[in-house]
Each structure stands twice: as structure tokens, then as C-alpha cells.
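**Student:** Quick one, structure for this:
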Amino acid sequence: MKSNDIRQHFLDFFKSNNHLIVPSAPIVLKDDPTLMFNNSGMAQFKEYFLGNATPKSVRIADTQKCLRVSGKHNDLEDVGFDTYHHTMFEMLGNWSFGDYFKEEAIGWAWQFLTEVLKLDKNRLYVSVFEGNEAENVPFDSEAFDIWKKYIDEDRIILGNKKDNFWEMGDQGPCGPCSEIHIDLRTDEARQLQSGKELVNADHPQVVEIWNNVFMEFNRKADGSLEKLPAQHVDTGMGFERLCMAMQGVTSNYDTDVFTPLIQKVEQQTGLKYTNNQVKDISDEQNSINIAIRVIVDHVRAVAFAIADGQLPSNTGAGYVIRRILRRAIRYGFTFLHLKKPFINELVAVLADQMGDFFPEIRQQQNLVTQVIREEEASFLRTLEQGLQLLEEVIKNTQGTEVSGDKAFELYDTFGFPKDLTSLILKEKGMTYNEQEFDQALQKQKTRSRAASEMATDDWTILSDDLGQFVGYDQTESEVRIVRYRKIDRKRDGVFYQIMFNQTPFYPEGGGQVGDKGWLKSANEHIAILDTKKENNLILHVTQTLPENPSAVFQANVDTSLRSASAKNHSATHLLHQALRHILGTHVEQKGSLVSPGYLRFDFSHFAKLTDHEWQQVEDFVNARIMEQWPLVERRNIPFQQAIDEGAMALFGEKYGDSVRAIKFGDSMELCGGIHVGNTAQIWRFKIKSEGAVAAGIRRIEAITGDAVIQFYQDQESDWEQIKEVLKGPQDVVKAVQQLVDEQHKLKKQLEGLVREKGQAIKISLEQKIQQKEGVSVLIESVDLDANTVKDIAFELGQKHPNLFLVIGSIADDKPSVSCYISKELVEQKGLNAGTIVRELGKFIQGGGGGQANFATAGGKNAAGIPDALKAATSYI
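**Tutor:** Below is the predicted model:
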């Protein structure tokens with residue numbers, strides 16, 4: 001059975017059992033401060049389990065894109081070495097929110113596997129929670145008794161807390177779980193050893209395929225458990241593992257989920273992947289297999305993350321995506337000998353394979369391909385630089401062991417992978433100190449954890465009210481506190497999160513920053529520093545807690561900041577419309593930031609805006625402002641109706657059945673943010689900058705309102721200062737042009753004098769060349785700029801074979817050291833000018849590099865030039 005059919009059978013089965021089928025949420029979570037990525041099927045339903053929202057149905061089923069790069073069996077560096085763990089995977093799931101419980105969940109799971117898919121019952125094992133006295137949680141006898149209806153008792157395994165008690169996190173809903181495992185070994189192997197002994201023993205052919213979690217407890221901050229008011233079911237079945245079982249193979253990578261990608265890599269490389277049935281393969285073939293598994297796994301994670309709106313970057317979720325992609329690139333570079341971008345070519349295969357169930361990968365195929373191609377090209381350049389740096393480390397190493405700190409510096413600072421370092425050193429009969437490397441890595445992880453460490457208390461609940469947002473209509477409100485908790489951020493100190501029965505404060509979301517303001521009573525005036533949304537709760541961040549939390553308060557939004565943000569948010573919509581009108585409808589929003597100070601808008605486009613396009617965009621937005629378009633707000637309209645009426649939905653955003661549409665004239669978008677009542681309130685729109693953030697992605701930063709007034713005031717002030725410097729000319733532009741012309745003329749004259757001086761110095765230097773063991777040597781200091789020194793070096797190099805030249809120079813109080821080595825010496829002696837200047841640059845507190853025959857280092861300490869020249873003599 002093909003994988004697409006397996007997926008459809010699952011959804012059809014639960015639809016027939018009155019489950020609402022919902023689409024996968026984006027793999028990237030934008031408004032959940034506790035998670036970067038959807039790491040499980042239940043992540044998008046957290047607010048329902050916590051009781052903070054009401055689901056559209058008490059029975060739901062779906063297939064969810066998930067991403068894991070840490071935790072049990074999911075460390076990124078381990079993926080590819082076995083045949084059943086992945087970064088991105090699909091989780092088939094069915095959910096009950098206070099409806100059915102263990103009886104139905106277990107019965108449907110067994111029915112689907114054994115009757116619909118017709119898996120062999122004799123290959124299945126199940127586990128139930130054995131109980132935990134320390135936490136006063138009993139043996140799950142209910143699940144045990146239900147399973148006895150379907151399977152022999154000797155195939156039911158009692159599992160401990162580690163394997164059979166599921167928790168959302170350190171706090172929150174949790175409960176016992178019942179896993180279903182399948183034994184995919186040969187009949188001969190099964191006769192030799194029972195599969196029961198191999199359950200949860202990390203055997204590649206005895207694997208868990210389905211986990212039924214019965215949520216009935218809440219874990220408190222002190223570690224204790226309390227019963228939930230309603231019982232829920234959360235199940236997850238690994239799609240790739242299920243396909244392995246259904247397709248009669250013993251590796252996820254041998255299923256049709258991965259084989260099309262593997263075949264493409266085979267075409268690219270001319271190498272063959274050996275499936276899991278082949279035994280006694282060579283070490284080289286094993287390395288090829290691992291590399292191909294890494295690549296076909298990682299491209300899925302990276303491609304879907306980009307399609308859902310997360311671009312590779314150096315921070316946060318973007319850093320994780322870049323790290324995954326770079327791991328795939330380096331495996332191709334090291335073991336498949338691919339020195340040019342190639343992973344981007346797999347996106348077309350992925351889009352063809354999964355585009356029917358996940359249309360975003362097909363719709364965003366061109367963008368995903370471009371971004372991955374550019375990332376590949378950039379990292380391949382980094383790898384080449386790393387190879388040069390490693391060669392320098394090897395040359396400066398005494399003995400056969402490289403310092404682990406040096407290897408870690410290459411890894412941490414330059415992104416050079418440790419496995420590639422190890423491979424290159426091994427080829428040269430060397431190693432690196434792995435203990436030192438691991439210690440340095442652990443120190444870095446400890447620093448990172450300490451920076452983000454946070455302790456969260458349990459909620460103090462004063463009322464069961466879940467709060468109401470009234471901020472679209474008012475900026476102040478009489479409120480009561482319904483719950484609060486303390487947050488201890490180890491780096492920043494103690495804060496409090498406070499929730500009101502109603503609030504005018506807009507929580508951060510949709511690109512717009514959260515409101516700030518005050519919480520007032522007769523005796524207190526507490527600053528609200530930020531407003532966030534977590535699991536559907538609007539949380540107000542303060543540094544102090546009111547003396548009497550049960551009192552009645554006045555909540556006041558800072559209207560000056562709110563107004564500035566509203567202007568920027570409405571201008572963002574007009575900007576989006578302008579770009580699509582002027583550049584084309586291929587333009588799509590790829591990210592945004594709306595703050596009181598400025599707006600930032602990322603969009604898909606293939607080229608830098610021309611000056612004319614820049615002006616057109618500004619003029620278009622300002623024309624809409626001058627036309628004074630009123631805000632037309634549609635609250636709580638059906639999603640499909642809004643789309644049918646022309647509203648624009650953004651890729652990577654999660655929308656409910658009911659949405660809010662914002663319309664200004666012809667611009668209509670789905671949006672939950674704060675906006676002006678009329679475009680005239682924006683006053684003016686001005687682009688400050690436009691540039692690239694990734695392949696095919698551009699970024700505009702712009703300002704509106706008072707910020708534009710300040711911008712023009714600053715421009716006028718600069719203009720007046722220029723006039724003052726120029727002694728108040730009548731025609732300022734003409735006066736500046738005269739200065740430019742005069743400067744150009746003087747520059748040409750100066751260049752001529754420098755050339756003359758350079759020629760005179762060259763003649764003097766040529767007379768100082770000495771012969772040492774067949775090498776022409778010149779080591780001197782001069783008073784010339786680095787470019788003139790370079791010209792002299794190459795001119796002398798043409799006249800004098802076997803020339804080794806090092807010149808220290810100072811220009812504008814900035815020292816530099818230049819090294820020229822004739823090609824003959826580079827080839828015969830193995831000398832490298834780039835390596836030499838990096839060492840000599842240390843004497844002038846600087847660094848640099850270049851080619852093997854010529855390189856320059858700049859620095860800060862001119863007094864170090866004599867020592868640098870003295871050190872240069874050691875290379876002869």
C-alpha cells in the first residue's frame with residue numbers, strides 16, 4: 001500500500017467515526033513562547049487540553065507535520081545513523097476533548113491496524129502504565145483489562161514512568177499512555193527471541209508505531225499531580241514507521257516516503273544506496289548510506305519550515321533550520337563528494353510527492369528552492385575557508401594531536417563540522433583532543449541554558465474567567481485579576497504574569513508588538529511592560545504584584561505607543577498592496593514586525609528595487625493615505641467567506657473557522673492586529689531601507705506619522721549644517737558639485753604623486769633584495785598605502801624569480817603587512833602568503849588573508865611592525 005493511501009485510510013477511518021478532519025498546523029509556531037516548532041501532534045491543541053479554549057469539535061483527527069532536534073532519540077547529530085528516527089516526521093492523530101476515553105481509543109486503534117490495514121496481530125505488542133507509588137498513581141488496570149479483549153495477556157507489557165507516562169512539559173496536563181509496538185523481524189529471528197523482550201530496547205525492527213495518551217492529571221510546579229476536570233485522549237502514530245510496517249520493509253528509508261528522494265540523490269552522485277536488507281557492507285558504503293539518509297531526512301524539515309515562513313538565520317528557529325541544512329550539506333560534501341549546491345534540486349521531488357496533502361510545499365516550491373540554493377552556496381564557501389583554517393592549525397600543531405579547543409573554535413566560530421575535522425586529520429595520521437572539544441561544547445551549552453533558564457510558578461487562580469479582549473474598541477477598562485503567577489528569569493530577574501477578566505491590551509502576535517501601559521488603583525500605579533499570548537491566555541507582564549490582587553483596577557494602554565503601532569500596521573497592509581500592484585502578484589508577505597518606532601516587511605521578490613520602483617511604492621501608499629480610506633472591519637466572519645470576498649491569507653499562519661478581515665479600499669487581509677480608523681491618520685509613509693535577507697526574499701523598513709515628521713526635521717537640520725559648512729551658498733547643490741569636482745581633481749594629482757613616490761621607493765627597495773640559498777629576499781618597511789605596496793610587489797615579482805617579499809607599511813596611522821611569494825616558491829617550498837600574514841598580523845593586533853602568492857594583513861598597532869618583520873625572517 002502506498003504511503004498516500006495509508007494516510008488517507010487513517011483520515012477516512014476516523015471521519016467515519018465522527019471525527020472532524022483538520023489540516024496540519026504550520027511546522028513553525030509563531031505565537032507560542034514555549035515552543036519554536038510543532039514537535040508533536042497535540043501542540044496545536046494545547047489550549048483545549050488546558051481548558052483555555054473550546055474546540056470546534058470534541059472529536060478531531062489529522063496528520064501533523066512535526067519537527068524534533070532534541071530530546072530522547074532526537075538529537076540532531078544522531079539522525080541518519082539509524083533507520084527510524086527523523087527530524088521532520090508526520091504524526092497521525094485522533095483526539096478526544098472530554099468525550100470518549102480509553103475504551104473507544106484502544107478499540108479504534110486495534111480495529112484500524114488489524115481490520116483496515118490488516119497488520120498481523122501476532123506481530124503486535126502493547127504496553128500499559130505499571131503505576132508509580134512515589135507519585136500515588138496506580139497501575140492502569142482499566143487499559144490493561146480493555147486490551148485483554150483484543151490481545152493475549154502475555155503480549156501486554158507493563159511499562160514504567162519513563163516509557164508509559166506522557167507529560168506535556170515540566171508542568172501541565174499529563175497521564176498514562178498505552179503504546180502499540182510491531183515486530184518486523186523475520187520469522188526465523190522471532191523464533192529465536194521473543195519480540196516482547198525487545199520492546200523499548202531500541203531495536204530497529206521492533207518499534208513503537210502508536211501511542212494512546214490518556215490525559216487525566218495536571219502536573220503542578222512543585223511536581224505534584226492533581227486530577228483534571230475533564231479527561232482527554234491524545235494519540236499519535238508515526239506515519240513513516242506505519243508505512244515501514246505496511247510496505248514490508250525494515251527501514252523507514254526503504255518506504256516510498258523516502259525512496260523518490262534517495263533515487264534523486266543517486267542520480268546526482270552516481271552512487272548507490274543499499275537498503276536495510278543488504279548485509280556486510282563496507283565502511284565506505286555505510287558512510288554513503290548515512291549521508292544519503294541525512295540528506296533526504298533534512299531536506300524535508302528545511303523545505304517545509306521555509307514553506308511555512310521560517311527562513312534560515314543566525315537566531316532562534318531560523319538558526320535551527322540553518323543548522324539542519326548545513327548538516328545535510330556537509331554530509332554531501334564529505335561523503336558524497338558534492339562540492340556544488342544540490343539539495344535544492346530535491347525540492348521538486350518533495351513537492352511532487354507530498355503536494356497533494358500539503359499544498360504549501362507545491363505553492364512555495366520556487367521560493368524554497370531559491371533559499372536552499374543560496375544557503376548551500378554560502379556554506380560551501382564557508383567550508384572552503386574552514387579547510388584553509390584547518391590547514392593552518394595543522395601546520396602550527398606539534399605532534400599528532402590537535403587541541404580540542406582549536407577544533408571547537410573551528411566548529412563554533414566558523415561553522416566547520418567536527419566530523420569533517422576528524423576525517424581530514426585522520427587522512428594526515430592525526431587526531432584532535434575530543435575530551436577538550438566536548439568540555440568546550442558543554443561550557444557553551446551551559447552558558448546558553450543559563451541565559452534562557454526560567455522558573456515558572458503555578459497559577460494562583462482567583463476566578464475561572466478566561467478573559468476577554470476588548471482592545472479593538474477601547475484603550476482603558478475596569479478590570480479584575482483572575483489569575484497570576486511568578487516568573488523567575490535567571491538572566492533578567494523576577495516578573496509576574498497577570499491575567500484580567502477583560503483587557504484592552506493587545507498581546508504580541510501577527511507581527512505586532514504587545515501593548516504597554518499601566519494598572520492603576522487608588523494606591524498603586526504598576527507599569528505593564530509587555531503583553532503576550534500563551535495557550536490562548538492574554539498575559540500582562542509586570543515587575544511587581546498589586547498589594548491586593550482581589551481589588552478592582554483600571555487598565556490603561558499607552559495610547560501614544562498604541563497609535564504609532566496602529567499607523568505602522570495599517571501602512572504595512574498598504575505596502576503589501578503596493579508591492580503586489582507595482583512588482584507583480586508573485587509578491588507574498590514572508591514576515592513582518594510592527595512596532596511604534598517603525599515597520600519591517602519581508603516579501604518574496606527576485607531583485608533589488610530600482611529607484612523608480614522605490615518611489616512608485618512610496619507614492620502608491622501615500623496616495624492611499626491622501627484618499628482617506630476608512631477602515632472596514634469584519635469580525636467573526638467565516639474563513640471561506642472572507643477568502644471568497646477577496647481577503648488575503650498568509651502562508652504559515654494558522655486560521656480558525658471564524659476570522660477578522662481588515663479592509664482599506666481595495667486592500668483586504670485577514671488580520672487580528674490594531675489599525676487606524678482612516679488611512680488619513682497615518683499622515684505619511686517613508687521607506688528608510690530595502691535589501692535582501694535571503695535568496696528571493698527582500699526586506700523593507702519604513703516609518704509613518706510622527707517618525708516621518710522627525711525624519712524630515714533631521715533632513716532639514718542636516719541641510720542647514722551643510723549650508724553652514726559651505727558658507728551659505730545660494731545654490732547648495734552647485735557648491736557641493738564644485739567640491740566633488742575639485743576633490744576628484746586633487747585625488748588624481750595625489751595618485752600621480754604617490755605613483756612617483758612609489759616608483760622611487762621601488763627602485764630603492766630593489767637595491768635591497770638579497771640572495772639567500774637561491775631565494776630573492778626583501779623584508780622592509782615603507783611609508784606607503786597597501787595598494788601601492790601591492791603594485792610594487794607584483795612589479796618586483798615579475799623581474800625577480802624566487803622572490804620572497806614582506807613589507808610593513810603605515811598609511812593614515814593604520815599599519816599593514818604584505819607578503820608576496822613567487823609561484824615557484826609556493827609550489828616548491830609549500831609556502832603560503834595567506835598563512836604567513838595571519839601570523840604576522842598578530843604583531844600589529846590585526847589579521848587578514850589572501851592567496852597563496854599574495855596576502856595582506858591590517859591592524860591597529862603600528863609599533864608592532866619591526867617585530868613582524870623580524871618574525872618574517874624565520875620563514876626563509
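
**Student:** shaky segments in the stretch 101-250 of the chain?
**Tutor:** When residues are selected by pLDDT under 70, none of them lie in the stretch 101-250 of the chain.

**Student:** Helices of the stretch 351-500 of the chain, residue ranges please.
**Tutor:** 359-363, 365-395, 404-414, 418-427, 434-452 (DSSP state H, counting those that start in this stretch).

**Student:** Surely K227 and F217 touch.
**Tutor:** Yes: between K227 and F217 there is a contact at 6.3 Å, judged by Cβ atoms under 8 Å. Every residue, glycine included, has its C-beta placed from N, CA and C.

**Student:** of these two, who's got more company?
**Tutor:** Just comparing K227 and F217: by other Cβ atoms under 10 Å the higher neighbour count belongs to F217, 21 against 9.

**Student:** and the strand or helix carrying that one, what does it pack onto?
**Tutor:** Per DSSP states H and E: F217 is located in strand 206-219. Using 3 or more Cβ pairs under 8 Å, 6 or more residues apart in numbering; DSSP states H and E, the elements in contact with strand 206-219 are helix 102-111, strand 165-167, strand 172-183, strand 225-238, helix 239-246.

**Student:** change it to 6 Å
**Tutor:** Packed against strand 206-219 by the contact rule (3 or more Cβ pairs under 6 Å, 6 or more residues apart in numbering; DSSP states H and E) you find helix 102-111, strand 172-183, strand 225-238, helix 239-246.

**Student:** closest one to A702 among these?
**Tutor:** Nearest to A702, of all the helices and strands packed on strand 206-219, is strand 172-183, at 40.6 Å by Cβ to Cβ.

**Student:** And the next helix or strand past the closest one?
**Tutor:** Per DSSP H and E, the first helix or strand lying C-terminal to strand 172-183 is helix 187-192.

**Student:** mind saving the C-alpha coords of that following helix as CSV?
**Tutor:** Extracted in CSV, the C-alpha atoms of helix 187-192 (Å, rounded to 0.1, in the frame of the first residue of the first chain):
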residue,chain,number,x,y,z
ASP,A,187,10.1,-15.4,11.3
GLU,A,188,13.4,-17.1,12.0
ALA,A,189,14.5,-14.2,14.2
ARG,A,190,11.2,-14.1,16.0
GLN,A,191,11.5,-17.8,16.8
LEU,A,192,15.0,-17.3,18.3
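
**Student:** List the buried residues in that helix.
**Tutor:** R190 (16 or more other Cβ atoms under 10 Å).

**Student:** Could you report the neighbour count for N211?
**Tutor:** 24.

**Student:** What residues are bridge-paired with it?
**Tutor:** On the basis of DSSP bridges, N211 takes part in beta bridges with E179, G236.

**Student:** ditto for the one 4 residues further on
**Tutor:** Partner residues in beta bridges with M215, using DSSP bridges, are H232.

**Student:** residues near it, how many?
**Tutor:** 25.

**Student:** returning to that earlier point: let me have the helices of the stretch 351-500 of the chain in TSV, extended by mean neighbour count and distance to D234.
**Tutor:** Listed next are those as TSV, based on neighbours: other Cβ atoms under 10 Å; distance: least, Cβ to Cβ, whole Å:
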stretch	mean neighbour count	distance to D234
helix 359-363	18	25
helix 365-395	18	31
helix 404-414	18	38
helix 418-427	16	37
helix 434-452	13	27
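
**Student:** Could you provide those helices in CSV, with additional columns for distance to F620 and mean pLDDT?
**Tutor:** Formatted as CSV, the helices of the stretch 351-500 of the chain follow (distance: least, Cβ to Cβ, whole Å; pLDDT from 0 to 100):
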stretch, distance to F620, mean pLDDT
helix 359-363, 26, 93
helix 365-395, 24, 88
helix 404-414, 44, 85
helix 418-427, 50, 82
helix 434-452, 42, 82
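
**Student:** give me every residue that touches the residue nearest to G846 when sequence neighbours are not counted.
**Tutor:** Take G846 and drop its neighbours on the chain: the residue closest to it by Cβ to Cβ, 6 or more residues apart in numbering is G859, 2.5 Å away. Contact partners of G859, counting by Cβ atoms under 6 Å, 6 or more residues apart in numbering, are P815, G841, I844, Q845, G846.

**Student:** now, among those, which is nearest to D222?
**Tutor:** When the contacts of G859 are compared against D222 (criterion: Cβ to Cβ), the nearest one is Q845, at 54.3 Å.

**Student:** Was I right to think that closest one contacts A863?
**Tutor:** No: counting by Cβ atoms under 6 Å, Q845 does not reach A863; the two are 9.7 Å apart.

**Student:** Take stretch 172-191 and give me the span from its first residue to its final residue.
**Tutor:** 43 Å (Cα to Cα, to the nearest Å).

**Student:** quick one: buried residues of that stretch?
**Tutor:** Buried, per 16+ other Cβ under 10 Å, within stretch 172-191: 172-185, 190.

**Student:** Can you tell me how far the residue nearest to G846 is from G850?
**Tutor:** For G859, the distance to G850 equals 15 Å [Cβ to Cβ, to the nearest Å].

**Student:** before we move on, what about N802?
**Tutor:** For N802, the distance to G850 - Cβ to Cβ - is 20 Å.

**Student:** low-scoring pLDDT stretches of this structure, where are they?
**Tutor:** Ranges of the chain meeting pLDDT under 70: 31, 33, 70-74, 276-278, 449-452, 651-652.

**Student:** Quick one: list the elements packing against the longest helix seen in it.
**Tutor:** Criterion DSSP state H: the longest helix present in the chain is helix 732-766. Identification of packing neighbours for helix 732-766 by 3+ Cβ pairs under 6 Å, 6+ apart yields helix 786-799.

**Student:** One more pass at 8 Å, please.
**Tutor:** helix 705-725, strand 775-782, helix 786-799.

**Student:** H203: how many residues sit nearby?
**Tutor:** 17.

**Student:** related to what we said a few turns ago, CSV for the helices and strands packed on strand 206-219, including distance to D154?
**Tutor:** As requested, the helices and strands packed on strand 206-219 are exported to CSV (distance: least, Cβ to Cβ, whole Å):
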stretch, distance to D154
helix 102-111, 17
strand 172-183, 14
strand 225-238, 24
helix 239-246, 21
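
**Student:** For H203, find the nearest of those.
**Tutor:** strand 172-183 (8.7 Å).

**Student:** The closest one relative to strand 206-219, how many degrees between them?
**Tutor:** For strand 172-183 against strand 206-219, the angle by axes from the mean of the first three to the mean of the last three Cα atoms, to 10 degrees is 170 degrees.

**Student:** my guess is D183 contacts E197, does it?
**Tutor:** No: the pair D183 / E197 is not scored as a contact, 10.3 Å apart, by Cβ under 8 Å.

**Student:** before we move on, back to that, compare the helices of the stretch 351-500 of the chain and give me the one nearest F129.
**Tutor:** Among the helices of the stretch 351-500 of the chain, helix 434-452 sits nearest to F129 (Cβ to Cβ), with 30.4 Å.

**Student:** what does the closest one rub up against?
**Tutor:** S403, G404, D405, A407, F408, Y411, D412, K418, K490, R491 (Cβ atoms under 8 Å, 6 or more residues apart in numbering).

**Student:** Done for today, thanks.
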